[in-house]
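Asks: after the sequence you'll find the predicted model.
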Amino acid sequence: MTQTAPAPAPAQKPRAPRGPAAFSDEDEALPGGGFLAAPVPRRVFCREALSDEQKALAEVAERFVQGEVWPRMEAIEEKAEVDGPNGKEPLVISLVRQAAEIGLCSIEMPESAGGLDADLATAMHVAETLRACASFAATLGAHNGIGAQPIVYFGSDAQKAAWLPRLASAEKISCYALTEPGNGSDALAGKTTAARSPDGTHFVLDGQKQFITNGSWADVGIVFAHVDGKYSALIVDLHAEGVTRGAEEKKMGIKGSSTTGLVFQGVKVPVENLLGEVGDAAKIAFNILYHGRMKLGFASLGTAKHAIDLTVKFMQSRRAFGRPIIEFDLQERKLAECVAWAYACDSLCYRVVGLVERDIQAQPDPKDPQQQVAVLRRYGLECAAIKVHGSETCSRVLYHALRMHGGYGFCQEYQVERLMRDNVVETIYEGTNDINRVVLSGAIVESCALGAIPFRERVEAVHARLRAGDLAAPAVEGWLAPEAARVAALKDALCWFVEEALIGVGGDAKVEQQVLCGVADAALAFLAAESALAHTHGLGAADPQADARADATRLAIDEAGAELARCGRDALLHVTPPSLLPDALATFERLLARGALAQDLVEVRRRLARHAARRGGYSF
């Protein structure tokens, strides 16, 4: 009897090797864009995780702003004067001195200088409460932020003892003088000089600074100048002979703050006022900017939420065609978008500050300013992300808010007009948002190229899935499972796009700014959506506002997908050789389609808007 050979086994599709985990219970993102390669976290640090002590300090700040600052905003904008310790002084400076009495000028100063020595999360939470009063916030921030933090971080013990107590009490008002008429974004290209005197006891300061917040009323300034041919920083008494203050700039917004030039002609500065070492300008300037960018993003977030509250109140009282205008479908769409933008921004901001604080606390001495600075420097990308996302979220919310007010939004009687004017500068100072996008994309390039984040492992896993044809949505169970799968899939698509963009621009990374800023925009939108998902998931389905949080998260995820598609296609059409373009576009579309959500976004928006209406504004 003849035996037949067994039929051959059917051909098996190659399996994608097991790559990096898609999800993790905790946030494993490393600094410098580590969120690109880390698993999607199921929870992140969020405002709800703040301690009662941290919240209490913010409540003190909020009561002060609402009770003392908001009622006087018109007088602040008109630069009204009141009686001060040395005669008449601007109302806004009087308010800064009052703020000092309750600790708002010394939140991050050491206890030895009369400060509260609060952690970064507390400081940023307080910054968020300084909302809707940009003239006051700019004055306070230039004094106790960029005007004082250089001494906190880089000052000698003698300098800290001499200056910080007087800045903490607002006995002396400070400013930060970096920008010059001939240089803006090119911050280290200043021409101001500080020549050593023949006897070596002082420097002779000559030069000019421009757009200096607190310029007309500051007592002291952190001034950048060339010392021995190296750009350096000095603590300068602005009442010294040879200091001249320019006229107030006629500005679009923050009209109640002071913005002037400073001219130095033969100003004698004691050598002991050199901050740090000769040549430390870059280290001081950029590290202070990282801190300032975070604080600015949080303040913008607070204003965005306030604008939502104002707009809901207005639309509930304003009627048209026999009913409140808040009930009209197009207004519901805009309101829902505002809430979703603010929720995603909130999630991003607190997630990042939680990561930074985590790494600070892991240092041998978390209170050591130099160790804090080292951590902040590693998170330069994330600080830029907070600044850009915060200021532009505020811009988008305010544009909607103004239109939802109709003609009234164009009138000074209603706050949104001032808030919108004030917001514009938030996209300019602390580095323009274009510069911050360059910083963000440049940091991604550096982290990927140097292996500072496990990007190569992540993108290799994506290629393995593509080779194996394994494009099923990531497996995940539980609440928000479809949304989590979509975010994990978008992360793979984003990593693939980032690699293609970096290969495409090659050595022209500094020239191909449009492509790399597209990378920045796609990464920003994704970071916000992933943060919103982890924020919502971490609070859980039992949270009283879980359904509304989930809807805000869905809108953020949808926007991240759309932004990635737009930026990716734009870049691929530019950097991909024509012979490879059809395959590249097809691959990108396959990755974008993975885990796509078929959801009724019209209903999602309606539910979220009606939740905000019932709650009387932004309620998360």
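Replies: Looks like it came in fine. The shown structure was predicted, so the numbers you read here are calculated from the model rather than taken from an experiment.

Asks: CA atoms for contacts and neighbours, from now on please.
Replies: Fine.

Asks: please identify the helix or strand for A523.
Replies: helix 513-539 (DSSP states H and E).

Asks: and the next helix or strand after that helix, how far out from the chain's middle?
Replies: The first helix or strand that comes after helix 513-539 along the chain, using DSSP H and E, is helix 546-575. Chain-centre distance of helix 546-575: 19 Å, with C-alpha atoms, centre = their mean, to the nearest Å.

Asks: what does stretch 506-518 contact?
Replies: The contact list for stretch 506-518 (C-alpha atoms under 8 Å, 6 or more residues apart in numbering) reads 437-438, 441-442, 501-502, 505, 567-568, 570-571.

Asks: please redo it, this time with the cut-off set to 10 Å
Replies: The contact list for stretch 506-518 (C-alpha atoms under 10 Å, 6 or more residues apart in numbering) reads 434-442, 444-445, 498, 500-505, 519-524, 563-564, 566-572, 574-575.

Asks: endpoints of it, how far apart?
Replies: 15 Å (C-alpha to C-alpha, to the nearest Å).

Asks: buried residues of it, list them for me.
Replies: Buried residues in stretch 506-518, defined by neighbour count with 16 or more other C-alpha atoms under 10 Å: 509, 512-513, 515-518.

Asks: the strands in the chain, which residues?
Replies: 23-24, 40-41, 81-84, 87-90, 174-177, 193-196, 202-213, 220-227, 230-237, 243-245, 259-270, 274-275, 319-320, 323-324 (DSSP state E).

Asks: pick the most buried one from the ones you listed.
Replies: strand 174-177 (a mean of 28; mean count of other C-alpha atoms under 10 Å).

Asks: got the CA coordinates for that one in CSV?
Replies: Extracted in CSV, the C-alpha atoms of strand 174-177 (Å, rounded to 0.1, in the frame of the first residue of the first chain):
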residue,chain,number,x,y,z
SER,A,174,14.2,93.4,40.4
CYS,A,175,14.3,92.9,36.6
TYR,A,176,16.1,90.8,34.0
ALA,A,177,18.0,92.6,31.3
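
Asks: that strand pairs with which strands?
Replies: Strands that pair with strand 174-177, judged by DSSP bridges, come out as strand 220-227 (parallel).

Asks: with only the CA atoms kept, save the strand it pairs with in PDB.
Replies: The C-alpha trace of strand 220-227 is given here as PDB (Å, rounded to 0.1, in the frame of the first residue of the first chain):
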ATOM      1  CA  VAL A 220      18.200  96.100  40.700                       C
ATOM      2  CA  GLY A 221      18.700  94.100  37.500                       C
ATOM      3  CA  ILE A 222      20.300  90.900  36.300                       C
ATOM      4  CA  VAL A 223      22.300  92.400  33.400                       C
ATOM      5  CA  PHE A 224      24.200  90.400  30.800                       C
ATOM      6  CA  ALA A 225      27.400  91.800  29.400                       C
ATOM      7  CA  HIS A 226      30.800  90.800  28.000                       C
ATOM      8  CA  VAL A 227      33.500  90.500  30.700                       C
END
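
Asks: centre of the chain to it, how far?
Replies: Counting by C-alpha atoms, centre = their mean, strand 220-227 comes out at 26 Å from the chain centroid.

Asks: domains of the chain?
Replies: Listed domain ranges for the chain are 48-172, 175-279, 282-431, 434-615 (source: automatic domain parsing).

Asks: ok, residues contacting stretch 50-65?
Replies: 47-49, 67-72, 95, 98-99, 102-104, 107, 118-119, 121-133, 136-137, 350, 354.

Asks: got any ranges where the stretch 251-400 of the chain has weak pLDDT?
Replies: For the stretch 251-400 of the chain, applying pLDDT under 70 flags no range at all.

Asks: ranges for the helices of it?
Replies: 281-317, 329-361, 369-378, 380-404 (DSSP state H, counting those that start in this stretch).

Asks: can I get the third one in PDB, CA atoms only?
Replies: Think helix 369-378. Extracted in PDB, the C-alpha atoms of helix 369-378 (Å, rounded to 0.1, in the frame of the first residue of the first chain):
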ATOM      1  CA  PRO A 369      20.000  74.700  43.500                       C
ATOM      2  CA  GLN A 370      22.700  73.300  41.200                       C
ATOM      3  CA  GLN A 371      21.100  69.900  41.300                       C
ATOM      4  CA  GLN A 372      17.700  71.400  40.600                       C
ATOM      5  CA  VAL A 373      19.200  73.300  37.600                       C
ATOM      6  CA  ALA A 374      20.800  70.100  36.200                       C
ATOM      7  CA  VAL A 375      17.400  68.400  36.200                       C
ATOM      8  CA  LEU A 376      15.600  71.400  34.600                       C
ATOM      9  CA  ARG A 377      18.200  71.500  31.900                       C
ATOM     10  CA  ARG A 378      17.500  67.900  31.000                       C
END
